[in-house]
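Enquirer: Everything below, folded, please.
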Amino acid sequence: MKTEVLIDMLARGAGPAPRALAARRFAPVAAAGLLTSALLAVVLMGALPGSVFATPAPWIKLGYTGMVALAAGWLAARASLPVARVDAPRRALLAVVLAMAAVGAGSVIVGSPSGQRLDALMGHTWLQCPWNVLALSLPALGLSLWAVRGLAPTRPVTAGFAAGLFAGGLGAFGYSLSCPEASPAFVAVWYTLGIVLTGLLGAALGPRLLRW
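Expert: Numbering: from 1, shown residues only. Model prediction:
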C-alpha cells in the first residue's frame, strides 16, 4: 500500500482535530502578522496623516482587510485539519469579497462623474499596491504555513492557499496604514489582487512545506 493511501485512510477515520488546537496556533500568528506588517508599512512607507482617520477611507480599508483576514483564518484553520469541512468559511470569505466589490462598484457609479471613474478605479498606485501587499504579507505567510503544518493537513494546496489568503489579509491590513488611496473601488480590485497573489504563493509552497 502506498504511503499516501495509508495516510488518507487514517485521516478519514481519525475525525477532525480539536478546534481549540487550531485557535491556539493561529491566534499568535494573527497578532504577530498584524504587528509585523503594520510596523514594516509605517517604517518603510510612512504612516498616513492622523487627519485622514477622520474620513471613512482608512476605516473601509481596515474593515475590509480585517474581515478578509478573519474569514481566511477560519478557512485556513479548517483546511489544516483532516476531513474538516471548508464550505462555511469559504462562503464567508466570498461574501466579504463580494460585499467589498459591491461597495466599490457603487462608489464609482454613484460617487464619481463618468470622466473620473477610471481614475477612481486605478488611483495613483495601482501598479505598486498588489506587490506591496504581497511583500508585507511574507512574514505572516511564513508564520501561517508553520501554523498549518503543525495541524497535519491532508490537502496541502488548499491549506497553503488558505494560509496565503490569511497572510494576505494581515499584510493588507498593515498596508492600509500607509496607502494613500481613498477609493473603495481601488481597494476592491488592487488590495484583493495582492491578497490573491499571496494565496497563490501559499498554494505553490504548500506541497513542499506542508507535507508530513
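Enquirer: Report the contact partners of Ala69.
Expert: Going by Cβ atoms under 8 Å, 6 or more residues apart in numbering, Ala69 touches 30, 34, 166, 169-170, 172-173. Heads up, the C-betas are built off the backbone N, CA and C, glycines and all.
Enquirer: Could you report the separation of it from Gly106?
Expert: Distance of Ala69 to Gly106, computed by Cβ to Cβ, to the nearest Å: 23 Å.
Enquirer: next one: Ala76
Expert: Ala76 is 30 Å from Gly106, where distance means Cβ to Cβ.
Enquirer: Tell me which of these two has more neighbours.
Expert: Applying other Cβ atoms under 10 Å to Ala76 and Gly106 shows that Ala76 carries more neighbours, namely 34 against 12.
Enquirer: Provide the secondary structure category for the more buried one.
Expert: helix (DSSP: H, G, I helix; E, B strand; the rest coil).
Enquirer: How about Leu177?
Expert: coil.
Enquirer: That one and Arg155: what is the separation?
Expert: 34 Å.
Enquirer: before we move on, what about Val148?
Expert: Distance, Val148 to Arg155, by Cβ to Cβ: 10 Å.
Enquirer: Can you pull the residues that touch both of the two?
Expert: Residues touching both Val148 and Arg155 (Cβ under 8 Å, 6+ apart): Ala79.
Enquirer: Compare the two (neighbour count), which wins?
Expert: Val148 (29 against 19).
Enquirer: any low-confidence regions in the chain?
Expert: Applying pLDDT under 70 to the chain flags residues 1-19, 212.
Enquirer: Which parts of it are helices?
Expert: For the chain, helices defined by DSSP state H occupy the ranges 3-14, 19-45, 57-79, 87-111, 117-122, 129-149, 156-175, 184-186, 192-209.
Enquirer: Ok, which of the ones you listed comes nearest Ser51?
Expert: Proximity to Ser51 (Cβ to Cβ) singles out helix 57-79 among the helices of the chain, at 10.6 Å.
Enquirer: Buried by neighbour count: which residues of the closest one qualify?
Expert: By neighbour count on 16 or more other Cβ atoms under 10 Å, the buried set for helix 57-79 is 57-58, 60-79.
Enquirer: Val196 and Gly168 touch, don't they?
Expert: Yes. Under the criterion of Cβ atoms under 8 Å, Val196 makes contact with Gly168 at 7.2 Å.
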